[in-house]
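Asks: coords please:
(one chain, ligands or ions: 2)
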Amino acid sequence: MPKPATSLVINLPMTALSGVGDALAGRLKELGIHRIFDMLMHLPRDYEDRSRLVPIRDVEHGMSVLVSGVVTHVETNRTGMSVAIEDDTGVLVLRFFKTYAALKNTMVLGANITAFGEIKVSRYGVQMAHPEYHITGTKAFESGLLPIYPAVKGLHQNKIRQLVRLAINAVSHETLHCLTPLQLQNVGIHDIQSDILTALKQIHLPDKDADIFAQTALLEGLKERTHPACRRLIIEELVAHQLAFLYRRNNVYQYKAPRCQDSSPLAQKLLANLPFDLTQAQKRVIGDAVADMATSKPMLRLIQGDVGAGKTLVAALTACHALDSGWQVAVMAPTEILAEQHFINFQKWFAPLGVGVGFLAGKQTAKERAAMLDDIVANEVQVVVGTHALFQDGVVFAKLGLVIIDEQHRFGVEQRLRLANKGVANSTPHQLAMTATPIPRTLAMSMYGDMDVSVIDELPPNRTPITTVTISRDRRDEVIERIFANCKEGKQAYWVCPLVEESSVLDAQSAELLYEDLCERLDINIGLVHGKMKPADKQAVMNEFKLGNIDLLVATTVIEVGVDVPNASLMVIENAERLGLSQLHQLRGRVGRGSAKSFCVLLYQTPLSPTGIERLNVLRDSTDGFVIAQKDLELRGAGELLGKRQTGDMGYYLADIVRDEVLLATAQNIAHQLINDASQQQLAQQIVNTWLPDVKEYVNA
Ligand code: ADP
Ligand code: MG
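Replies: Ligands and ions are numbered 1, 2, ... in the order given. Predicted structure coming up:
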């Protein structure tokens with residue numbers, strides 16, 4: 001059966017359009033334009049208004065305007081030619097950086113000139129640099145509003161406009177499937193009636209005859225994405241993404257997962273060996289997961305919990321239920337440092353109970369890896385901890401029943417799903433994901449729409465709050481003295497710097513230089529870890545720190561996630577103003593894990609802007625990850641909070657999950673309605689194929 005996804009015009013490559021060869025297609029790829037639909041969704045970043053003559057008095061810096069006037073002054077010199085034109089309201093200088101015959105012949109005193117270009121206001125006055133021009137009345141400029149597109153070198157506006165028109169002509173209502181106005185009305189959306197092709201035409205080919213009000217509304221509404229045509233596209237896109245989640249979820253649900261027992265003697269023993277009790281929140285969340293696993297419907301659960309909430313233990317105790325039922329457990333972490341640390345913890349917890357724990361990471365030798373793979377397939381190890389090395393093809397589990405993914409936000413959806421394929425034939429393992437990025441509910445819905453969510457909303461009781469102070473770099477020497485004195489008393493400290501190598505551009509303190517500098521100045525044991533080191537070397541340093549043989553650990557943000565050294569109670573973060581709030585919060589979460597009073601020093605470079613100060617104060621005043629994430633979201637937007645990778649993975653053309661939050665629940669409703677209605681199946685598939693063709697394998701499954 002031919003796949004519908006590829007037969008749609010919108011999914012054809014750009015080379016399918018006449019006149020588009022490989023070279024042009026290559027340029028377009030730089031703009032992320034691969035298939036015809038991408039071209040349609042390459043929306044203008046602005047419009048030029050060539051329909052309206054603007055009185056010179058009214059022009060402002062940055063405007064692209066049409067003006068008309070009489071030449072009153074012409075000056076030619078080495079750098080080109082300046083022509084003053086004057087209308088009833090003022091004078092404007094047209095600047096040309098090249099002179100040529102046609103220009104000289106046109107720009108003569110007394111000539112009536114019409115010009116179009118961008119206004120620059122500088123100390124040279126009000127100017128328009130190399131405008132398009134002609135003698136007034138001899139011809140007209142192309143049209144009213146002209147879209148201006150994001151472009152790359154070698155690809156001109158006119159070419160892009162032409163390609164967009166070709167793309168629009170190539171599709172029709174029959175090939176561009178979308179929700180009907182009635183379907184939108186049914187969920188209470190009345191103001192946007194059109195289909196998406198009409199919406200795209202409104203955006204790309206604005207009506208030439210539209211009056212000034214309609215044009216102004218379009219200009220602004222498109223920039224802010226509030227125009228009904230934009231909202232029409234956004235709602236469709238959100239629906240497509242929610243549908244994709246549902247398809248992925250249903251795709252998992254068509255398999256059975258191993259039923260695990262809901263009481264676990266192993267968990268009892270593990271708990272009995274711990275020096276503390278679980279928090280209520282930990283118990284509740286473990287209960288959620290255990291209830292999921294007691295059925296043959298695969299668990300798809302995300303556990304959110306602030307830094308230090310004790311997620312690792314939740315993972316281990318949940319694992320016990322699978323282990324007791326005879327199943328293997330895979331635990332995946334995003335970095336080797338974190339994977340190794342989990343390995344150590346799991347071994348400490350499980351080895352005494354007779355459970356074999358294995359480790360799989362990129363740094364292993366071929367021999368070690370082969371031996372480990374043998375153990376995994378022979379069920380000699382029941383818990384396997386590792387990095388993404390876990391889901392590579394050669395890894396075959398004997399009886400994988402549960403997959404645990406730590407710091408889920410570091411992985412893409414696809415990576416998580418790949419581990420899900422490693423279960424026994426015709427079944428799939430349960431999935432438990434964990435994240436410390438405390439994101440608001442709606443955001444979670446748009447990122448993990450296919451998972452159920454549990455929240456650990458409580459920290460273990462033995463924590464002493466972390467005192468956070470912001471200090472200017474001018475007082476760095478004092479900070480060094482304090483750290484030194486504390487280390488001498490047996491405390492351990494992190495010193496974090498944001499960049500590995502000296503960068504004159506960013507003026508960030510390099511970890512290496514800092515390390516050398518501190519070694520020279522301080523008579524204590526100092527270690528260094530950064531991302532460019534070999535994994536084994538990194539690990540060796542981390543171990544020494546954990547054992548207490550290193551007093552002060554100079555590190556880059558590689559220690560951001562998961563690292564757990566309870567005795568470390570001091571942290572200095574250099575150039576804190578450059579890092580995001582949530583990232584700072586994660587980093588700070590490395591201290592305050594033991595019973596010692598903890599301090600975090602945010603060193604900032606002066607001068608710092610008022611917002612910069614406000615940002616750091618958020619951190620000084622709160623240790624609640626949710627509060628901080630919300631602030632971060634307000635101050636920097638979703639892309640920064642969640643990381644380029646996550647938001648990039650979400651792959652939205654124009655929806656913005658923060659700005660369009662209000663539409664999200666509606667989109668989810670529509671998606672549910674479509675997928676539950678047999679007569680809408682085809683439309684639902686077409687919508688996903690249109691917006692997210694890569695998801696088609698789940699749709700067709
Ligand atoms: P995170 O949620 O950030 O992954 P961890 O799992 O690393 O947190 O736990 C942080 C520390 O808290 C660890 O040293 C862990 O042993 C300890 N811990 C976990 N649960 C409890 C608890 N209920 N009471 C006391 N300490 C706990
Ligand atoms: Mg953790």
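Asks: burial of residue 160, as a residue count?
Replies: For residue 160, the count of nearby residues is 23 (other CB atoms under 10 Å). Every C-beta, even on glycine, is put in place using the N, C-alpha and C of the backbone.
Asks: I'd say it and residue 42 touch.
Replies: Yes - counting by CB atoms under 8 Å, residue 160 touches residue 42, with 7.3 Å between them.
Asks: give the intersection of the neighbour lists for the two.
Replies: residue 149 (CB atoms under 8 Å, 6 or more residues apart in numbering).
Asks: which residues of the stretch 451-600 of the chain lie near ligand 1?
Replies: Contact residues, the stretch 451-600 of the chain versus ligand 1 (CB under 6 Å from any ligand atom): 460, 462, 562, 564, 566, 593.
Asks: ugh, wrong one, I meant the chain
Replies: 276, 278-279, 282, 305, 307-313, 436, 460, 462, 562, 564, 566, 593.
Asks: mind checking which of those are buried?
Replies: Taking 16 or more other CB atoms under 10 Å as the criterion, what is buried in the residues of the chain next to ligand 1 is 278-279, 282, 305, 307-313, 436, 460, 562, 564, 593.
Asks: so which of those sits lowest on pLDDT?
Replies: In terms of pLDDT, residue 562 ranks lowest among those, with 64.
Asks: what does the domain assignment say about the chain?
Replies: Domain assignment for the chain, taken from automatic domain parsing, gives 9-46+150-229, 52-142, 265-456, 466-648.
Asks: buried residues in stretch 21-32, which are they?
Replies: Applying 16+ other CB under 10 Å to stretch 21-32 flags 24-25, 27-28, 31 as buried.
Asks: report the buried residues of stretch 362-378.
Replies: Buried residues in stretch 362-378, counted by 16+ other CB under 10 Å: 363-364, 369, 372-373, 375-376.
Asks: what about residue 522, distance to residue 548?
Replies: Separation of residue 522 from residue 548 (CB to CB, to the nearest Å): 17 Å.
Asks: after the helix or strand in which residue 319 is found comes which helix or strand?
Replies: Using DSSP states H and E, residue 319 sits in helix 311-324. Sequence-wise, the next helix or strand downstream of helix 311-324 (DSSP H and E) is strand 328-332.
Asks: quick one: is that following strand near ligand 2?
Replies: No - Strand 328-332 is not in contact with ligand 2 by CB under 5 Å from the ion; minimum separation 11.1 Å.
Asks: give the other helices and strands that that strand contacts.
Replies: Secondary-structure packing of strand 328-332 (3 or more CB pairs under 8 Å, 6 or more residues apart in numbering; DSSP states H and E): helix 311-324, helix 336-350, strand 383-386, strand 400-405.
Asks: now do the SS call for residue 569.
Replies: strand (DSSP: H, G, I helix; E, B strand; the rest coil).
Asks: please tell me how far the residue of the stretch 201-350 of the chain at minimum distance from ligand 2 sits from residue 406.
Replies: Among all residues of the stretch 201-350 of the chain, residue 311 sits closest to ligand 2, at 4.8 Å; criterion: CB to the ion. Distance of residue 311 to residue 406, given as CB to CB: 7 Å.
Asks: try residue 339
Replies: According to CB to CB, residue 339 stands 9 Å off from residue 406.
Asks: which residues do these two both contact?
Replies: 332-333.
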